[in-house]
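>>> Starting from these lines, generate the structure:
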Amino acid sequence: MDNAIYATLTRQSGLMKEMGVVANNIANTNTTGFRREGVIFAEHLSALDRRGETLSMAHARGRLIDLRQGVLTQTNGSFDLAIEGEGYFALETPDGLRLSRAGAFIPSPEGELMTAEGYRLLDAGQAPVLIPPGASAVSVGTDGTMSANGIPFGQIGLFGQPEGTQLTHQGGTLFQLDADPEPLEEARIRQGFLEESNVDPVFEITRMIEVQRAYELGQSFLDREDQRIRNVITAMTR
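Coordinates of the predicted model:
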């Protein structure tokens, strides 16, 4: 009797986590450079007796990041940049170097390219990208080379995830790598474009309905089990 309740509770806990992930995906449908997430479920088997019977419990073990590229939308902004293919921009944050696909940058009063949150964009040598004073008509080549009035002055860094390393979503559009990122040569930058979120809102809403129905079914089972236990206790104490 208790085993059924424990198994259902682990399932309910996992469904709650998945609901939170799906809701976060939907909330970031229009967030530039956002990557949708999914939940990885694992099955834990516990032996019940010597006859080999087992109890199966579900466990939401982790999150899966969908790294597929989003649609590139033209903005014509001089400092709106999108990566075509694999790769990430490197950003300097208070917590250290972070990777991102969000390419909406603005120049600071000192001429440094920054995100709206104040994180500085880094070049190929992982130094802040600096626009020369008085520079106009800034152009960015597909390899990240920056030019002002036809004169090159720097190169935006494009980095990838080395094989065997772990990429962790830090929230929003930031990712943390557990090793130094490796420079990429094949990725291309498109100036005047931004990469949209790769979230499919129709799929996410459909999944939210499925998760909600599964959770309600589990809750209904728990309610019936609770009532059954109460009835047994009442009958035994009469």
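>>> In space, what's closest to L15 - neighbours in sequence excluded?
Of all residues not flanking L15 in the chain, Y215 sits nearest, at 4.6 Å (Cβ to Cβ, 6 or more residues apart in numbering). All C-beta spots, glycine's among them, are computed from the backbone N, C-alpha and C.
>>> how much space is there between the one you found and M19?
Between Y215 and M19 the distance, using Cβ to Cβ, to the nearest Å, works out to 7 Å.
>>> thinking H169 is in contact with R35, fair?
Yes - taking contact to mean Cβ atoms under 8 Å, the distance of 7.2 Å between H169 and R35 places them in contact.
>>> any residues in contact with both of the two?
Here H169 and R35 have I65 as joint contacts, going by Cβ atoms under 8 Å, 6 or more residues apart in numbering.
>>> Out of those two, name the residue with the larger neighbour count.
Relative neighbour count places R35 above the other of H169 and R35, with 22 against 15, counting by other Cβ atoms under 10 Å.
>>> mind listing what the more buried one touches?
Contacts for R35 were tallied using Cβ under 8 Å, 6+ apart; they are I65, D66, L67, R101, H169, T173, S197, N198.
>>> can you do 6 Å?
Applying Cβ atoms under 6 Å, 6 or more residues apart in numbering, one finds that R35 lies in contact with I65, D66.
>>> Pass me the low-pLDDT residue ranges in the chain, would you?
1-3, 42-62 (pLDDT under 70).
>>> by contact count, what packs against the longest helix along the chain?
Among the elements of the chain assigned as helix by DSSP state H, the one spanning the most residues is helix 201-236. Contacts of helix 201-236 with other secondary structure elements, assessed using 3 or more Cβ pairs under 6 Å, 6 or more residues apart in numbering; DSSP states H and E, are made with helix 2-27.
>>> and the angle from the helix it packs on to helix 201-236?
160 degrees (axes from the mean of the first three to the mean of the last three Cα atoms, to 10 degrees).
>>> List the buried residues for helix 2-27?
By neighbour count, and taking 16 or more other Cβ atoms under 10 Å as the criterion, the buried residues in helix 2-27 are 7-8, 10-12, 14-15, 17-19, 21-22, 24-25.
>>> wait, isn't the residue nearest to L15 in contact with M16?
No - Y215 sits out of contact with M16 when judged by Cβ atoms under 6 Å, with a separation of 7.1 Å.
>>> sorry, back to before: to the chain's geometric centre, what's the distance from the longest helix of the chain?
Using Cα atoms, centre = their mean, to the nearest Å, the distance from the centre of helix 201-236 to the centre of the chain it belongs to is 29 Å.
>>> what do you get for stretch 227-238?
Between the mean C-alpha location of stretch 227-238 and the chain-wide mean there is a distance of 48 Å, by Cα atoms, centre = their mean.
>>> list the contacts for the closest residue to P128 other than its chain neighbours?
With Cβ to Cβ, 6+ apart as the criterion, P128 has its nearest non-adjacent residue at 4.5 Å, and that residue is R120. For R120, the contact set (Cβ under 6 Å, 6+ apart) comprises E92, E112, M114, P128.
>>> 8 Å - rerun?
Residues touching R120, when contacts are defined by Cβ under 8 Å, 6+ apart, comprise L91, E92, E112, L113, M114, P128, V129.
>>> gap between the fifth one and I131?
To tie it back to what came earlier, the one meant is M114. If you go by Cβ to Cβ, the gap between M114 and I131 works out to 11 Å.
>>> repeat for the second one
If you measure E92 against I131 using Cβ to Cβ, the figure is 16 Å.
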